[in-house]
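Colleague: Got a predicted model here, sequence first, then my questions.
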Amino acid sequence: MRKNFFVFGACLFLLGCGEDKGHRKVGDFCSEDKDCEQGLCFERRCLDPDKDDDQDGFKNGVEVHKLHRNPLKPDTDDDGVGDADEVGTIENPHDTDGDGKIDAIESSKEDKDKDCIPDQYDPQDDVPDQAILREVAMTYCQRDTGVCAGHLDKARARCEGEKVVCEFEGVDGFEEEETRCDGLDNDCDGNTDEGCQVHAEEFQVNTSTTSDQRYPSITSLSNGGFVVVWQSWGQDGSLYGVYGRIFTE
């Protein structure tokens, strides 16, 4: 008996849901426009199409169905310029780059493809404009120091937010953070071998330890090795002499 009552109750519940469809009030939960009494469902909530919830001068129904904007945000694309200023007229809304997306939903600050052209002005938001990036590299990526000097043709640029990032991976010997001990400025910052670590532990370079050895000096070589020189007393029979050894990487 209980089983039959449960099935009957479930049927009543489903029937009630069916009758409610199309009669939900403003503020009620919805999944599509036809769920709502006034025919407007946005973000799972019934809205009044004749009301202007974000107070940007456009009715909710116009914003959703005609302009494809967020009727709850006065600045849909979060670029600091209100929808009212970016739209223009409802009949012919502004579309600066002519890509079919009106300015109110394309940010004048965001740059999805990192080609240094904000989406509002970029007809191909997802395809980097290589010609523009080349111009940006020529302007912002000039380096007159280190291994980058004279290799502007190999520089590449991209944009991260409003910052231009230069890349020199195509330049022989370039390192983003210098680690080599080669006597070169590998990261093109004007400093040479600042990240150089020849050996993690000390080791002896002189083979003669008789008497006195002093004034050692070390210099890195272009092949990644280094040379050490020092003075040694009496090693060749004539007071102090200068000796040295070359080490590879």
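Modeller: Looks like it arrived, so ask away.
Colleague: Show the contacting residues for the spatially most central residue of the chain.
Modeller: Closest residue to the average C-alpha location of the chain: E160 at 4.5 Å, with C-alpha atoms, centre = their mean. Going by C-beta atoms under 8 Å, 6 or more residues apart in numbering, E160 touches K114. Bear in mind the C-beta positions are built from the backbone N, C-alpha and C, glycine included.
Colleague: Check what pLDDT it gets.
Modeller: Predicted confidence (pLDDT) for E160: 87.
Colleague: where do the strands sit along this structure?
Modeller: For the chain, the strands defined by DSSP state E cover 41-42, 45-46, 156-160, 163-167, 213-220, 226-233, 240-247.
Colleague: what comes into contact with the last one?
Modeller: By C-beta under 8 Å, 6+ apart, the surrounding residues in contact with strand 240-247 are 205-206, 208, 221, 225-233, 235.
Colleague: again with stretch 183-201
Modeller: 143, 145-149, 168, 173-182, 218-222, 226.
Colleague: Narrow those to just the buried residues.
Modeller: Among these, the ones that count as buried by 16 or more other C-beta atoms under 10 Å are 143, 146-148, 168, 173-175, 178, 180-182, 220, 226.
Colleague: hmm, back to that, looking at the strands of the chain, which one is packed in the most?
Modeller: Among the strands of the chain, strand 41-42 has the highest mean neighbour count (mean count of other C-beta atoms under 10 Å), at a mean of 20.
Colleague: Sheet partners, orientation included, of it?
Modeller: strand 45-46 (antiparallel) (DSSP bridges).
Colleague: Please name whichever of the strands of the chain is nearest to T89.
Modeller: T89 lies closest to strand 41-42 among those, at 22.6 Å (C-beta to C-beta).
Colleague: in the protein, which spans are helices?
Modeller: All helices of the chain, identified by DSSP state H, fall at 2-20, 60-65, 83-87, 130-140.
Colleague: got the strands of the chain as TSV, with distance to E201 columns?
Modeller: Converted to TSV, the strands of the chain look like this (distance: least, C-beta to C-beta, whole Å):
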stretch	distance to E201
strand 41-42	67
strand 45-46	67
strand 156-160	39
strand 163-167	35
strand 213-220	15
strand 226-233	15
strand 240-247	14
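Colleague: Let me know which of those strands is the nearest to D56.
Modeller: Evaluated over the strands of the chain, closeness to D56 peaks at strand 41-42, with 14.5 Å, by C-beta to C-beta.
Colleague: what's the distance between the closest one and the middle of its chain?
Modeller: Distance of strand 41-42 from the chain centroid (C-alpha atoms, centre = their mean, to the nearest Å) equals 33 Å.
Colleague: Name the residues that touch it?
Modeller: By C-beta under 8 Å, 6+ apart, the surrounding residues in contact with strand 41-42 are C30, S31, E32, D33, D35, L47, N60, V64, N70, P71, L72.
Colleague: which secondary element of this protein has the worst mean pLDDT?
Modeller: helix 2-20 (a mean of 46; mean pLDDT, DSSP states H and E).
Colleague: Okay, domains of this protein per the record?
Modeller: Structural domains assigned to the chain are 2-116, 198-249, following automatic domain parsing.
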